[in-house]
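Enquirer: Here is my input, please return the structure:
(one chain, ligands or ions: 1)
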Amino acid sequence: MERLDKFLCDSGVGTRSQVKLILKAGRVTLNGASVKDPSMKVDPDTQEIALDGERLGGRQRIVVMLHKPAGYVTATEDARDKTVMELLPKKYGDVKPVGRLDKETEGLLLFTNDGDLLHRLISPKKRVPKVYYARHEGEGTPEDTEAFEKGLTLRDGTQCLPAILEPLGPGESRITVYEGKYHQVRRMMASRGMTVTYLRRESEGPLSLGNLPKGAVRELTDQEIGILTELTGAFAGK
Ligand code: URA
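Expert: Numbers count the residues shown, from 1 in each chain. The predicted model follows:
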């Protein structure tokens, strides 16, 4: 929630004093009803605010991608560790991480200020594929791949959705999962006797790290956001 006059100024309607006059003249409506109090609290994401009948844009939806380095926790604040928020430019102040990567995991981490999109991206119902590259002890066998395909049961009894294990050679694998349980890939691999020593998320849904350098951030294009929205809206369980 924010003050109506601040929202109107931020939307480019005018200065504080101009906005006051515009409000006094009854030119602004909130969900169709005229409003005149500059200090009124409004939520531009859920309420329709219009000037002379024309809707004002409100806050812009932002989705950014970070190539997370090891050593940062995925949290908005932490008493002991550095957080991923420290890697984002200040202008992205109100975004939140989409799911989590462990402190030592590297790779693709999304952030958004769109709570609805965030929840859809992390919902196991949406089956958004996340692809990881892992280095680990041992070597994946066809039996391991089959066990992943059937859906693993972890050592504590947790049941996982079917996943894909592609052994790439001794001590290296690509793993695709469709949910985001705590330490999921590390625990899945451990349940098959393969302790993970390095983990990097390469892609999430249609998005890949590409050549984004480690520690760097980029905004998604409107087209990429559109694809993500479509992908997460198009599956069952919306
Ligand atoms: N699985 C893990 O074990 N760790 C991560 O950071 C992400 C997926």
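Enquirer: OK, contacts around the spatially most central residue of the chain?
Expert: For the chain, the residue nearest the mean C-alpha position is residue 98 (2.6 Å; Cα atoms, centre = their mean). If you count contacts by Cβ atoms under 8 Å, 6 or more residues apart in numbering, residue 98 has them with 109-112, 118, 121-122, 204. Quick note: C-beta positions are derived from backbone N, CA and C, even for glycine.
Enquirer: which one among those residues gets closest to the ligand?
Expert: Nearest to the ligand among these is residue 109, at 9.2 Å by Cβ to the nearest ligand atom.
Enquirer: Would you agree the closest one falls within a strand?
Expert: Yes - counting by DSSP: H, G, I helix; E, B strand; the rest coil, one finds residue 109 located in a strand.
Enquirer: re the thing from before, export the contacts of residue 98 to a markdown table and tack on pLDDT?
Expert: A markdown table is the format used below for the contacts of residue 98 (pLDDT from 0 to 100):
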| residue | pLDDT |
| --- | --- |
| 109 | 98 |
| 110 | 97 |
| 111 | 97 |
| 112 | 94 |
| 118 | 92 |
| 121 | 91 |
| 122 | 91 |
| 204 | 96 |
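Enquirer: Can you lay out those residues as JSON lines showing neighbour count and distance to the ligand?
Expert: Shown next, in JSON lines, are the contacts of residue 98 (neighbours: other Cβ atoms under 10 Å; distance: Cβ to the nearest ligand atom, whole Å):
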{"residue": "109", "neighbour count": "24", "distance to the ligand": "9"}
{"residue": "110", "neighbour count": "22", "distance to the ligand": "13"}
{"residue": "111", "neighbour count": "22", "distance to the ligand": "15"}
{"residue": "112", "neighbour count": "22", "distance to the ligand": "18"}
{"residue": "118", "neighbour count": "20", "distance to the ligand": "17"}
{"residue": "121", "neighbour count": "23", "distance to the ligand": "14"}
{"residue": "122", "neighbour count": "17", "distance to the ligand": "12"}
{"residue": "204", "neighbour count": "22", "distance to the ligand": "11"}
